[in-house]
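1. I need the structure of the sequence given here:
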Amino acid sequence: MTQTTIPAWCETLQAKLMAAIDAAWATIESSDDPVAIRQARDKAKACGELAAVARKVAALVGLGRPKPAPAAAPTGSAAVLTQAEHALRALEQLKARRRR
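-> From the prediction side, this is the model:
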C-alpha cells in the first residue's frame, strides 16, 4: 500500500466531492420528482459537510498557509514608528470598547 500525502489526498477528495455535488445539482435541476430532489439535496449537503471536514483536516496539518517569514528587527526610527503604531491601535481598541 502506498502512502498518499495529505495535500494530494485533500485535493483528490475535494475534486470527488465537487463532482458529486455537481451531479446532485444536475439531478435537482432536471428532475420533477420530489423524492429524487430530496435525495439529491441530502447528498449535496452530506458532500458539503465532508468537504468542510477535509478543509479542517488540511488546516490542522497546516496546508495552504505558508509559514510567515521572520520579520527583521526594527532599527532606529522604525522601532519608534512601530511603538507609536502599537500605542495608537491600543488606544483605538480602548475607544471601541467604551462605545459598546
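
2. how far does the top helix by length along the chain sit from its chain's centre?
-> In the chain, ranked by residue count with DSSP state H as the criterion, the top helix is helix 34-61. For helix 34-61, the distance from its own C-alpha centre to the chain's C-alpha centre is 15 Å (C-alpha atoms, centre = their mean, to the nearest Å).

3. where does pLDDT dip in this protein?
-> Scanning the chain for pLDDT under 70 picks out the ranges 1, 62-81, 98-100.

4. how near is the residue sitting nearest the centre point of it to Glu85?
-> By C-alpha atoms, centre = their mean, the chain has its centre lying nearest to Arg55, at 6.3 Å. Per C-beta to C-beta, to the nearest Å, Arg55 is found 33 Å from Glu85. C-beta coordinates here come from the backbone N, C-alpha and C atoms, glycine included.

5. next one: Ala26
-> 52 Å.

6. one more: Val61?
-> Val61 sits 34 Å away from Glu85, taking C-beta to C-beta as the criterion.

7. enumerate the positions of the longest helix of the chain that are buried.
-> 37, 40, 43-44, 47, 51, 54, 58 (16 or more other C-beta atoms under 10 Å).

8. mind listing the helices for this structure?
-> 6-30, 34-61, 77-99.

9. which non-adjacent residue is nearest Ser31?
-> Distances taken as C-beta to C-beta, 6 or more residues apart in numbering place Ile37 nearest to Ser31, at 5.8 Å, with adjacent residues excluded.

10. what sits against that neighbour?
-> By C-beta atoms under 8 Å, 6 or more residues apart in numbering, the contact set of Ile37 is 27-28, 31.

11. adding distance to Gln3, write those out as JSON lines.
-> Below are these laid out as JSON lines (distance: C-beta to C-beta, whole Å):
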{"residue": "Thr27", "distance to Gln3": "35"}
{"residue": "Ile28", "distance to Gln3": "38"}
{"residue": "Ser31", "distance to Gln3": "41"}
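
12. just the buried residues from those, in ChimeraX please.
-> Burial among the contacts of Ile37 is assessed by 16+ other C-beta under 10 Å; the matching ChimeraX selection reads:
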select :27,28
